[in-house]
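S.K.: Have a look at this fold, sequence not included:
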Ligand SMILES: CSC[C@H]1O[C@H](OP(=O)(O)O)[C@H](O)[C@@H]1O
């Protein structure tokens, strides 16, 4: 989406065709820093340390990482080792496994000398497909937003979102943000309540940056304010992204999503989950079976901001990075095929 006034994607193949360029999202919104990944190891580190993040974007980055591994060593052993290493970088987003499996399927039948080029081509295709999937999600979401806004045409449509499921979490458009961008561009007055999303503040730092860059009115709020705003009638709908939707429709997403869904249900606010098919995991029965990433307690004990970080407690901390929203709390799933009430 718009970055410094020009339309850009969050990831692209390097100019020499043998690496991947990503935005170092740890620096946003204070600095725009592009990083060129030149090896599988660098791609794995970028995912694990969240230089780049968001389920579809993690998958795209890993796809290029596997391609770089094939450029280093095209053997079956190297393919299997790189797949395992990249898969272990972060455990929750199913897109990581999906993308790695797609690249591995594309190259395994090929002679070693042809694998790198084929892997890079498959990674390119994964990126191009993600853009189209998210655009389709946006189109279906635009129809939904038109219906929601028609209920209160005299005022902006108030949407609450959690974390960052924007173009910075995907290759472009985002999932949860795609309808927001398309509605804004179509002239529907949309205002977004942006959950700051402790502890890493993807909302305050990334979603707010995205929306500002596209000129979408928005207000950053403390995570704990969402329920109050819903009770005050100031939220027309909640829309979030996801890292994995299981076979029964449970939604694994950034920690705090479940609490939003509970508040939405208690206040009769529709709760939508936006996802492309690459985030649907038919092979996992329920949310209870999804590995929840435990990240460093330092992300909770310290707050990072412009110019550094400060410690906010003298005590230890726990830091589960995701939670599970049961399917029973989901109003609808916004997919590239349309709005469905079950996946
Ligand atoms: C469109 S997927 C976005 C999804 O990924 C985020 O997690 P993280 O920032 O830790 O990669 C968050 O769960 C978002 O909803």
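M.R.: Sure, I can see it. Everything quoted here is computed from the prediction, not taken from an experiment.
S.K.: Does the worst-scoring helix or strand of the chain on mean pLDDT pack against any helices or strands, and if so which?
M.R.: In the chain, the helix or strand scored least confidently by mean pLDDT, DSSP states H and E is strand 2-3, which has a mean of 84. Here strand 2-3 is seen to pack against helix 208-214 when contacts are counted using 3 or more C-beta pairs under 8 Å, 6 or more residues apart in numbering; DSSP states H and E. All C-beta spots, glycine's among them, are computed from the backbone N, C-alpha and C.
S.K.: from the chain's centre, how far out does the helix it packs on sit?
M.R.: 15 Å (C-alpha atoms, centre = their mean, to the nearest Å).
S.K.: any idea how far the least confident helix or strand of the chain is from the chain center?
M.R.: Centroid separation for strand 2-3 versus its chain: 17 Å, with C-alpha atoms, centre = their mean.
S.K.: Identify all contacting residues around it.
M.R.: 8, 23, 32, 213, 214 (C-beta atoms under 8 Å, 6 or more residues apart in numbering).
S.K.: Name the strands paired with whichever helix or strand comes after it and say parallel or antiparallel.
M.R.: Next helix or strand after strand 2-3 toward the C-terminus (DSSP states H and E): strand 6-7. Partners of strand 6-7 in the sheet, by DSSP bridges, are strand 2-3 (antiparallel).
S.K.: ranges for the helices of the stretch 101-250 of the chain?
M.R.: 112-150, 178-185, 202, 208-214, 226-231 (DSSP state H, counting those that start in this stretch).
S.K.: List the buried residues of stretch 57-73.
M.R.: 57-71 (16 or more other C-beta atoms under 10 Å).
S.K.: Sorry, slip of the keys, the one I care about is stretch 25-45.
M.R.: Buried residues in stretch 25-45, counting neighbours by 16+ other C-beta under 10 Å, are found at 25, 26, 28, 35, 37, 40, 41, 42, 43, 44.
S.K.: would you list the residues you listed in CSV and tack on distance to the ligand?
M.R.: Shown next, in CSV, are those (distance: C-beta to the nearest ligand atom, whole Å):
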residue, distance to the ligand
25, 9
26, 11
28, 12
35, 17
37, 17
40, 20
41, 20
42, 18
43, 15
44, 15
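S.K.: Identify the farthest-apart pair in the residues you listed.
M.R.: 28 and 40 (24.7 Å; C-beta to C-beta).
S.K.: buried residues in stretch 316-335?
M.R.: 319, 321-327, 329-335.
S.K.: Stretch 118-130 too?
M.R.: Buried-residue list, stretch 118-130, by 16+ other C-beta under 10 Å: 118, 119, 120, 121, 122, 123, 124, 126, 127, 129, 130.
S.K.: Stretch 262-275 now?
M.R.: Here stretch 262-275 shows 263, 264, 265, 267, 269, 270, 271, 272, 273, 274, 275 as buried, counting by 16+ other C-beta under 10 Å.
S.K.: what would those look like in JSON lines with distance to residue 307, pLDDT and secondary structure?
M.R.: Converted to JSON lines, these look like this (distance: C-beta to C-beta, whole Å; pLDDT from 0 to 100; DSSP: H, G, I helix; E, B strand; the rest coil):
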{"residue": "263", "distance to residue 307": "34", "pLDDT": "98", "secondary structure": "helix"}
{"residue": "264", "distance to residue 307": "36", "pLDDT": "98", "secondary structure": "helix"}
{"residue": "265", "distance to residue 307": "40", "pLDDT": "98", "secondary structure": "helix"}
{"residue": "267", "distance to residue 307": "38", "pLDDT": "98", "secondary structure": "coil"}
{"residue": "269", "distance to residue 307": "37", "pLDDT": "98", "secondary structure": "coil"}
{"residue": "270", "distance to residue 307": "40", "pLDDT": "98", "secondary structure": "coil"}
{"residue": "271", "distance to residue 307": "36", "pLDDT": "98", "secondary structure": "strand"}
{"residue": "272", "distance to residue 307": "37", "pLDDT": "98", "secondary structure": "strand"}
{"residue": "273", "distance to residue 307": "36", "pLDDT": "98", "secondary structure": "strand"}
{"residue": "274", "distance to residue 307": "34", "pLDDT": "98", "secondary structure": "strand"}
{"residue": "275", "distance to residue 307": "36", "pLDDT": "98", "secondary structure": "coil"}
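S.K.: Throw those into TSV and include distance to residue 240, thanks.
M.R.: What follows is the buried residues of stretch 262-275, written out as TSV (distance: C-beta to C-beta, whole Å):
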residue	distance to residue 240
263	13
264	10
265	14
267	16
269	12
270	12
271	8
272	8
273	6
274	7
275	10
